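> What follows is a predicted protein model with its sequence.
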Amino acid sequence: PALPNDLFSAINDLKRELNAIILAHYYQDADIQDIADYLGDSLGLSRQAAQTNAEVIVFAGVHFMAETAKILNPDKLVLLPDLNAGCSLADSCPAPEFAQFKAQYPDHLVISYINCSAEIKALSDIICTSSNAVKIVQQIPRDQPIIFAPDRNLGRYVMEQTGREMVLWQGSCIVHETFSEKKMVQLKIEHPQAQIIAHPECEPPVLRHADYIGSTTALLNYCQDSGADTFIVATEPGIIHQMQKHAPQKTFIPVPGMNNCACNECPHMRLNTLEKLYWAMKNREPELILPESTRVAALRPIQRMLELS
Ligand code: 13P
Ligand code: SF4
């Protein structure tokens with residue numbers, strides 16, 4: 001069958017037909033953001049997934065996000081427009097290696113960033129996101145040693161913010177490691193009044209220059225509330241669509257990658273398209289499926305996060 005001429009209205013019709021909700025992350029293409037019922041960071045998306053009454057969840061994001069929605073909603077159909085939409089950070093922490101690593105620290109509590117597979121979640125005590133990582137670590141008694149996985153940059157940032165040592169898994173995100181400090185500094189010289197805002201998945205040389213560091217939702221709120229009118233943005237540039245919508249009179253400048261390529265765009269997030277979203281709803285596939293034993297083991301640390309944040 002051919003693609004309908006008006007994809008927006010066809011998707012809205014399917015939404016009603018399926019009793020579906022479309023959840024989307026800020027790193028999605030602008031048209032996907034515009035058709036979503038809820039747009040958010042990883043914490044907001046998990047909360048929405050935990051409380052929705054819809055029968056079908058269409059997740060416009062990456063695999064670990066749809067997986068989290070399925071962990072919270074075993075009886076719902078969870079669709080991911082492209083099942084290959086993975087995450088370099090999640091891939092940097094394979095479960096067998098992590099289980100061996102964890103076994104070296106038997107008395108440690110495992111706090112894992114939500115950007116990891118369901119198998120890693122099942123090996124964790126508490127999940128966190130970039131919105132609540134500091135708050136969650138602060139609630140752990142100081143004499144309790146912690147393993148933090150998989151993102152070493154967020155882990156280092158949380159250590160600085162809380163003044164606590166943690167054992168870090170050495171994972172990272174290909175997108176947030178690509179930002180060029182040199183080009184960022186050049187942009188600041190060209191726009192001396194601009195504020196630099198950065199996601200904590202960025203490397204320390206980039207974070208060092210930031211006027212504000214936060215999750216995608218925190219960055220979005222900061223741009224609206226700040227008195228500044230120009231921002232140099234060190235996170236995936238998909239979010240600039242929302243920044244511009246929320247503050248149309250302000251200017252947002254994306255920090256380029258090291259090689260001037262479009263590699264500051266997440267190649268996994270961008271695998272989803274409006275066309276694939278339509279076909280996923282029309283065909284009710286690809287569906288996110290998880291072994292029940294993994295799902296049950298991964299649910300507990302996610303619930304702990306929702307209680308603690
Ligand atoms: P947040 O939207 O939770 O800040 O996460 C950023 C990210 O890299 C998602 O993959
Ligand atoms: Fe994973 Fe990084 Fe893409 Fe987020 S931006 S989905 S952490 S690769």
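Great, that's in hand. Please read all numbers here as calculations on a predicted model, not as lab measurements. Ligands and ions are numbered 1, 2, ... in the order given.
> burial of the residue in the stretch 201-309 of the chain that ligand 2 sits nearest to, as a residue count?
At 3.4 Å from ligand 2, residue 266 is the closest residue in the stretch 201-309 of the chain, using CB to the nearest ligand atom. The way it works is simple: take the backbone N, C-alpha and C, and place the C-beta from them, glycine included. Neighbours of residue 266 under the rule other CB atoms under 10 Å: 23.
> I'd like to know how far it sits from residue 203.
According to CB to CB, to the nearest Å, residue 266 stands 16 Å off from residue 203.
> Could you do residue 298 as well?
Remark: distance between residue 298 and residue 203 (CB to CB) = 29 Å.
> These two - which one has more neighbours?
Under the criterion of other CB under 10 Å, the comparison of residue 298 against residue 203 puts residue 298 first, with 26 against 19.
> what about the closest residue to the more buried one other than its chain neighbours, how many neighbours?
Nearest non-adjacent residue to residue 298, counting by CB to CB, 6 or more residues apart in numbering: residue 121, 3.7 Å away. Residue 121: 27 surrounding residues under other CB under 10 Å.
> can you check residue 190 too?
By other CB under 10 Å, the residues close to residue 190 number 10.
> Please apply the same query to residue 90.
Using other CB under 10 Å, residue 90 has 26 neighbouring residues.
> So which elements touch the helix or strand it falls within?
Taking DSSP states H and E as the criterion, residue 90 maps to helix 88-91. Packed against helix 88-91, as judged by 3 or more CB pairs under 8 Å, 6 or more residues apart in numbering; DSSP states H and E, are no other helices or strands.
> quick one: contacts for the residue most central in space within the chain?
Among the residues of the chain, the one closest to the centroid is residue 42, at 4.6 Å (CA atoms, centre = their mean). Residues near residue 42 by CB atoms under 8 Å, 6 or more residues apart in numbering: 25, 65, 68, 114, 115, 129, 130, 131, 215.
> Among those residues, which one has the most neighbours?
Compared across the contacts of residue 42, residue 68 has the highest neighbour count, 29 neighbours, by other CB under 10 Å.
> That one looks like it's in a helix, true?
Yes - Residue 68 sits within a helix when classified using DSSP: H, G, I helix; E, B strand; the rest coil.
> Not counting sequence-adjacent ones, nearest residue to it?
Residue 68 sits nearest to residue 46 (CB to CB, 6+ apart), 5.5 Å away.
> Relative to ligand 2, how far out is the one you found?
For residue 46, the distance to ligand 2 (CB to the nearest ligand atom, to the nearest Å) stands at 14 Å.
> Can you say which helix or strand has residue 231 in it?
strand 230-234.
> Next secondary structure after that strand?
helix 240-246.
> Can you give the contact residues for that next one?
Helix 240-246 is contacted by residues 26, 30, 33, 39, 219-220, 223-224, 231, 233, 250, 252, 254 when judged by CB under 8 Å, 6+ apart.
> Select only the buried ones of those in PyMOL?
The command below creates a PyMOL selection of those among these that count as buried (16 or more other CB atoms under 10 Å):
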select buried, resi 26+33+39+219+220+223+231+233+252+254
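> Just to be sure, which of the contacts of helix 240-246 are found in helices?
By the criterion of DSSP state H, membership of the contacts of helix 240-246 in helices covers 30, 33, 219, 220, 223, 224.
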